[in-house]
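Trainee: Sequence first, predicted coordinates after that:
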Amino acid sequence: MAKKIVPDELWNIVEPLLPPEPPKHEGGRPRISNRAALTGILFVLKSGIPWEMLPQEMGCGSGVTCWRRLRDWHDAGVWEKLHQTLLSHLQEAEQLDWDRACMDSASIKAKKGGSATGPNPADRGRPGTKRHLLTDRQGTPLAVVLSGANMHDSIPLSVLLDTIKPVAGRSGRPRQRPTKLHADKAYDFARCRRACRRRHIQARIARRGVEDTQRLGRHRWVVERTFAWLEQMRRLATRYERRTDIHYAFTLIGCSLICFNRLKRQF
């Protein structure tokens, strides 16, 4: 039997986060259910197909309907709440390891341009978007920031660290800062180390011309694996959305699905 695109365990987490449905008007087509719309959104995310090619036999309504639901739920903060809720569940299950965090970035092509894009120096100056990602020791995504592909990796470090919201789930104060941060030589700047010290984080950044990057690779490989997990969702392998908020919504959902896959082991 084929797996459900939206399993019951995931729907039970998502449903309470959704905003109330708007008042129904007399006449017209019946409103597509929220679960059906979420199924269409995840199908587009994982398969990478254009919205207009969403199969009607799936019962998800039109691609336009699912796109609007994705947009409206993003405006309501649903995807950020979903990611935060899943992190809290992982924290409660003692599945988040804050002792070491890893930071890195990866660029993807941006087919239609838009904001948070720039000439990618690794792709002959073609438009691209860069994902800046911070994970825990196991590769669980804690925060993600988007920028143009021409932005240096080290510039959004402070923003990325501050994007982590306090994660509750266990007794005591909610956790927000990792103990140690691992990063490669692209972050070897005094301002990056100062930013970590101000947040009481021990910086373990490879020093240019001094340390071999391979010494830190035994810790940083997990963030590379997380990038690979994200790009397995075909809609995230290349940016097709001109609107940055839509692409960011997809990225947050991708991070949430990675968290959910880890959490499934506890069910």
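Mentor: Sure, I can see it.

Trainee: Check which helices and strands the helix or strand harbouring S147 sits against.
Mentor: For S147, the element it lies in under DSSP states H and E is strand 141-148. On a contact count with 3 or more Cβ pairs under 8 Å, 6 or more residues apart in numbering; DSSP states H and E, strand 141-148 meets strand 118-119, strand 127-135, helix 157-163, helix 244-263. Every C-beta, even on glycine, is put in place using the N, C-alpha and C of the backbone.

Trainee: Now with 7 Å, please.
Mentor: strand 127-135, helix 157-163, helix 244-263 (3 or more Cβ pairs under 7 Å, 6 or more residues apart in numbering; DSSP states H and E).

Trainee: could you point out where the chain is predicted with low confidence?
Mentor: Residues of the chain meeting the criterion pLDDT under 70: 1-2, 26-28, 211-218, 266-267.

Trainee: Okay, strands next: where are they in it?
Mentor: For the chain, the strands defined by DSSP state E cover 100-109, 118-119, 127-135, 141-148, 180-183, 202-205.

Trainee: check contacts around T129.
Mentor: S107, I108, A110, A116, T117, L146, G148, A149, R239 (Cβ atoms under 7 Å, 6 or more residues apart in numbering).

Trainee: now with 10 Å?
Mentor: Residues near T129 by Cβ atoms under 10 Å, 6 or more residues apart in numbering: 106-110, 113-118, 120, 146-149, 151, 238-239, 241, 244, 247-248, 251.

Trainee: do you know how far it is from S154?
Mentor: The gap separating T129 from S154 is 17 Å, by Cβ to Cβ, to the nearest Å.

Trainee: Distance to P22 for the strands of the chain - can I get that in TSV?
Mentor: What follows is those, written out as TSV (distance: least, Cβ to Cβ, whole Å):
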stretch	distance to P22
strand 100-109	35
strand 118-119	38
strand 127-135	32
strand 141-148	30
strand 180-183	44
strand 202-205	48
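
Trainee: For R225, find the nearest of those strands.
Mentor: Closest to R225 of these, according to Cβ to Cβ: strand 127-135, at 8.9 Å.

Trainee: Report the angle between the closest one and helix 244-263.
Mentor: Using axes from the mean of the first three to the mean of the last three Cα atoms, to 10 degrees, the direction of strand 127-135 lies 30 degrees away from that of helix 244-263.

Trainee: Could you list the buried residues of strand 127-135?
Mentor: P127, G128, T129, K130, R131, H132, L133, L134, T135 (16 or more other Cβ atoms under 10 Å).

Trainee: Redo those residues as JSON lines? Include distance to L263.
Mentor: Converted to JSON lines, the buried residues of strand 127-135 look like this (distance: Cβ to Cβ, whole Å):
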{"residue": "P127", "distance to L263": "35"}
{"residue": "G128", "distance to L263": "32"}
{"residue": "T129", "distance to L263": "28"}
{"residue": "K130", "distance to L263": "28"}
{"residue": "R131", "distance to L263": "22"}
{"residue": "H132", "distance to L263": "24"}
{"residue": "L133", "distance to L263": "19"}
{"residue": "L134", "distance to L263": "19"}
{"residue": "T135", "distance to L263": "15"}
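
Trainee: Any idea what the residue nearest to I155 when sequence neighbours are not counted is bridged to?
Mentor: Nearest non-adjacent residue to I155, counting by Cβ to Cβ, 6 or more residues apart in numbering: S147, 7.6 Å away. Beta bridges link S147 to K130 when assigned by DSSP bridges.
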